[in-house]
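Asks: with the sequence up front, the predicted model follows.
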Amino acid sequence: MFGAFLFGKEFVIILSNGTEVIIKPYREKDTKEIVRLIHRNFMGVNVKDYGEKAMAALSAMHDVNWFKGVTEYAHVYVFGMKIKFYWKTDMNIKME
């Protein structure tokens, strides 16, 4: 069970465990952070299956200019979360 709400240009989904997932349209200022996330995934996750050399080469090809090119033909959205822990404190993952 979850609730979904539209606030301006943000779409908020509240999951049954209290996690709020915020979905926003991509903005150019998000580019560097998105590319950093892609590189982190290549070098932290995919490297286990494909090796460091292959993932370093793939990371080199997936730069800011590559991602900006993707946004010219694809719909891109940015996801973030607000997580409520068991002791009812909030942790915000920064979204601008």
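Replies: That came in fine, so what should we check first?

Asks: who are the packing partners of the host helix or strand of residue 33?
Replies: Remark: residue 33 resides in helix 31-41, with elements defined by DSSP states H and E. On a contact count with 3 or more CB pairs under 8 Å, 6 or more residues apart in numbering; DSSP states H and E, helix 31-41 meets helix 64-71. The C-beta positions use only the backbone N, C-alpha and C, and glycine is treated the same way.

Asks: what is the burial count for residue 81?
Replies: For residue 81, the neighbour count with other CB atoms under 10 Å is 14.

Asks: sorry, back to before: what angle separates the helix holding residue 33 from helix 64-71?
Replies: With axes from the mean of the first three to the mean of the last three CA atoms, to 10 degrees applied, the angle from helix 31-41 to helix 64-71 works out at 100 degrees.

Asks: so in this structure, where's the weakest helix or strand by average pLDDT?
Replies: strand 90-92 (a mean of 50; mean pLDDT, DSSP states H and E).
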